[in-house]
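S.K.: Need a 3D model of the sequence below.
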Amino acid sequence: MHRLLAVTLTAFSFIFPALSHSQTTPVWFTLNAQEGQTVTATGSITLRFGQVASTCAAHATPGACSAGAGAPAPAEWTSPKTFTPATSATTVSIVIGKAAFGNVDPDPGVHKTVQVEEQATAQNITVNGQSVTVPAQSTSYACQLSQTPATITFPNTTDGFQISSSVALTSNCKTIVTIDSVQDPAAPFSISGFQTPFTLAPGKTQSYTAVFSPTATGTATGSIHFASTVSSVQPLTVSLTGTGVSATQGTLASSPTTLSFGNVTLNGTSSLTATITNSGSASVTVSAVSVAGTGFSLTSVKTPLTLAVKQSVQLTVTFAPKASSSASGTLTITSNASNKTLSVPLSGTAAQHSVALSWSDTGTGIAGYNVYRSTVSGGSYSKVNSAAVVPTKYTDSTVTSGTTYYYVVTATSPSGAQSTYSNQITAKVP
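M.R.: Just a heads-up that it's a prediction; the model follows:
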């Protein structure tokens with residue numbers, strides 16, 4: 001039998017780990033209408049509830065607006081629904097809102113309207129009593145109108161002031177097109193720079209100006225509809241969005257703008273603080289503070305709270321990961337500031353501790369090694385490796401944060417005989 005010599009542990013360390021138009025494709029006409037308004041039609045009408053591509057008006061979960069106000073929101077619509085007059089009635093009225101569409105909200109946090117499916121003949125309807133003509137659907141489109149930018153989003157504008165945006169309308173038709181129908185947007189939006197009818201030659205553009213003139217705080221939406229009596233020209237609906245803000249409003253800002261926790265030990269905790277400051281010209285009332293995201297929590301804060309001009313409040317968020325993975329979340333502050341919803345992104349990663357062991361020996365005839373561990377100095381020890389360890393190092397990845405471990409190693413012969421325990425070393429896991 002080969003002689004087995006005692007082995008000596010010498011080191012340890014911690015390791016952190018494009019659709020085409022056809023006769024069967026519905027054509028949708030976007031109404032310049034808002035939620036809560038009433039659409040009235042003679043006979044049946046097919047609608048869908050939602051929005052054209054826009055920006056978020058408020059923070060909402062779930063949906064595109066989980067990032068907060070101002071984030072881009074894609075076009076989203078419910079399934080079409082046909083509304084028919086009741087028996088003995090000649091008209092049908094629909095209040096714009098999710099209640100009319102099976103309580104389905106296609107994109108929470110965005111101001112929505114409805115689209116009307118164009119029919120073979122024009123439809124005359126009313127929106128809150130105002131007459132609107134829905135054009136007839138063409139059997140085919142040879143060319144179409146486009147616009148740069150495709151949608152018009154105005155920055156926050158003080159009530160009583162106005163802001164304008166220059167726009168260019170283009171036709172990809174091969175012949176001159178006459179635009180003889182333009183549905184203007186309703187207040188607080190307006191357009192100028194052309195008179196109808198006007199013509200568009202191939203490759204040429206018609207510039208015009210869109211204006212936002214808010215008279216009240218809050219987000220407003222509208223649309224412009226360009227059409228030609230030539231049935232082969234596809235009409236164009238352009239969406240507009242703008243937010244009116246008070247002349248004397250506070251504005252909230254966060255420092256830092258994001259909270260990144262980096263690596264945090266599994267089942268451990270780490271806390272970071274965001275300083276929320278009112279940088280505006282009037283006091284701000286914070287109505288709600290919340291945290292979303294797995295593993296994140298918020299130190300208790302009493303709301304509502306008021307921040308005077310230049311005043312700050314510190315909000316402490318704690319990350320306590322329970323699973324080995326990356327995590328993300330959002331700290332959300334809701335107030336009456338000009339930026340009504342302030343979102344602070346959160347991120348962190350759960351890190352699993354391990355203990356790396358290495359040793360040296362001067363023996364011969366050694367087939368491998370066994371590693372033993374105890375939480376009590378001097379044992380008793382339990383073997384942690386499932387198969388013989390070769391060569392002279394081993395990483396223990398089954399440790400728990402905050403625990404002290406005591407390790408010894410034995411050498412084994414080809415026949416399975418073991419040496420006595422090596423010297424003991426201590427490893428304290430953070």
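S.K.: Give the bridge partners for residue 389, please.
M.R.: Using DSSP bridges, the beta-bridge partners of residue 389 come out as residue 369.
S.K.: Tally up the residues packed near it, please.
M.R.: Residue 389 is surrounded by 19 other residues when neighbours are defined as other CB atoms under 10 Å. For every residue, glycine as well, the C-beta is placed using N, CA and C.
S.K.: Next: residue 338.
M.R.: Quick note: residue 338 (other CB under 10 Å) scores 21 neighbours.
S.K.: Tell me the pLDDT of it.
M.R.: The confidence metric pLDDT takes the value 84 at residue 338.
S.K.: contacting residues around residue 426?
M.R.: Contacts for residue 426 were tallied using CB atoms under 8 Å, 6 or more residues apart in numbering; they are 377, 404, 405, 406, 407.
S.K.: Same check on residue 312?
M.R.: By CB under 8 Å, 6+ apart, the contact set of residue 312 is 275, 276, 277, 278.
S.K.: ok, what's across the strand from it?
M.R.: When assigned by DSSP bridges, residue 312 has beta-bridge partners residue 277.
S.K.: looking at it, residue 425 is touching residue 405, isn't it?
M.R.: No - between residue 425 and residue 405 there is no contact, the gap being 9.2 Å when judged by CB atoms under 8 Å.
S.K.: Against residue 80, how distant is the spatially closest residue to residue 79 that is not a sequence neighbour?
M.R.: The shortest distance from residue 79 to any non-neighbouring residue, by CB to CB, 6 or more residues apart in numbering, is to residue 48 (6.8 Å). From residue 48 across to residue 80, the span is 5 Å (CB to CB, to the nearest Å).
S.K.: Looking at these two, which one has more neighbours?
M.R.: Here residue 48 and residue 80 are set side by side on neighbour count (other CB under 10 Å), and the busier one is residue 48, at 18 against 14.
S.K.: Work out for me the element that one sits within.
M.R.: In the assignment (DSSP states H and E), residue 48 maps to strand 45-51.
S.K.: Mind listing the strands that strand pairs with, and their directions?
M.R.: Note on strand 45-51: by DSSP bridges, its sheet partners are strand 76-77 (antiparallel), strand 81-83 (antiparallel), strand 113-117 (antiparallel).
S.K.: Only the buried residues of the second one, if you could.
M.R.: Within strand 81-83, the residues scored as buried using 16 or more other CB atoms under 10 Å are residue 81.
S.K.: for that strand, what is the average pLDDT?
M.R.: Mean per-residue pLDDT for strand 81-83: 94.
S.K.: which residues are contacting it?
M.R.: For strand 81-83, using CB under 8 Å, 6+ apart, the contacting residues are 41, 44, 45, 46, 47, 48, 92, 94, 100, 101, 102.
S.K.: so what's in contact with residue 48 and residue 80 at the same time?
M.R.: Between them, residue 48 and residue 80 share these contacting residues under CB under 8 Å, 6+ apart: residue 117.
S.K.: Return the distance of the residue nearest to residue 326 when sequence neighbours are not counted relative to residue 235.
M.R.: The spatial neighbour of residue 326 that comes closest, neighbours along the chain excluded (CB to CB, 6+ apart), is residue 349 at 4.7 Å. From residue 349 over to residue 235 the distance is 51 Å, taken as CB to CB.
S.K.: the more surrounded of those two?
M.R.: Summary of the neighbour comparison: residue 349 and residue 235, criterion other CB under 10 Å, with residue 235 having more neighbours (20 against 17).
S.K.: tell me the pLDDT at the residue nearest to the more buried one when sequence neighbours are not counted?
M.R.: Closest residue to residue 235 apart from its sequence neighbours, by CB to CB, 6+ apart: residue 227 at 3.8 Å. Model confidence at residue 227, expressed as pLDDT, equals 86.
S.K.: Redo the strands paired with strand 45-51 as a markdown table? Include distance to residue 163.
M.R.: Compiled in a markdown table, those are given as follows (distance: least, CB to CB, whole Å):
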| stretch | distance to residue 163 |
| --- | --- |
| strand 76-77 | 27 |
| strand 81-83 | 36 |
| strand 113-117 | 22 |
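S.K.: okay, these, which one's buried deepest?
M.R.: Each of those was assessed for mean neighbour count using mean count of other CB atoms under 10 Å. The highest is strand 113-117, with a mean of 23.
S.K.: I figured residue 219 hits residue 111, correct?
M.R.: Yes - with contacts counted by CB under 8 Å, residue 219 reaches residue 111, the gap being 5.7 Å.
S.K.: quick one: common contacting residues for the two?
M.R.: Taking CB under 8 Å, 6+ apart as the contact criterion, the residues that touch both residue 219 and residue 111 are 57, 241.
S.K.: does the nearest residue to residue 335 once chain neighbours are set aside belong to a helix or a strand, and which?
M.R.: Setting aside the residues directly before and after it, residue 335 is nearest to residue 286 in space (CB to CB, 6+ apart), at 4.5 Å. According to DSSP H and E, residue 286 maps onto strand 284-292.
S.K.: Give me the buried positions along that strand.
M.R.: When burial is assessed from 16+ other CB under 10 Å, strand 284-292 yields the following buried residues: 284, 286, 289, 291, 292.
S.K.: Can you add pLDDT and distance to residue 161 and give those residues back as TSV?
M.R.: TSV is the format used below for the buried residues of strand 284-292 (pLDDT from 0 to 100; distance: CB to CB, whole Å):
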residue	pLDDT	distance to residue 161
284	91	21
286	94	27
289	95	31
291	95	36
292	94	35
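S.K.: Which SSE is immediately downstream of the helix or strand of the chain with the lowest mean pLDDT?
M.R.: Of all the helices and strands that make up the chain, strand 8-14 has the lowest average by mean pLDDT, DSSP states H and E, namely a mean of 49. Downstream of strand 8-14, the next assigned helix or strand under DSSP H and E is strand 28-30.
S.K.: Partner strands of that next one and their direction?
M.R.: With DSSP bridges as the criterion, the sheet partners recorded for strand 28-30 are strand 113-117 (antiparallel).
S.K.: Just the CA coordinates for the strand it pairs with, please, in PDB.
M.R.: As requested, C-alpha coordinates have been extracted for strand 113-117 and formatted as PDB (Å, rounded to 0.1, in the frame of the first residue of the first chain):
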ATOM      1  CA  THR A 113     -60.000  57.700 -29.200                       C
ATOM      2  CA  VAL A 114     -61.800  55.500 -31.700                       C
ATOM      3  CA  GLN A 115     -61.300  54.600 -35.300                       C
ATOM      4  CA  VAL A 116     -64.300  54.000 -37.700                       C
ATOM      5  CA  GLU A 117     -64.100  51.300 -40.300                       C
END
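S.K.: Least reliable of the strands paired with strand 45-51 by average pLDDT, please.
M.R.: Least confident of those, judged by mean pLDDT, is strand 76-77 with a mean of 86.
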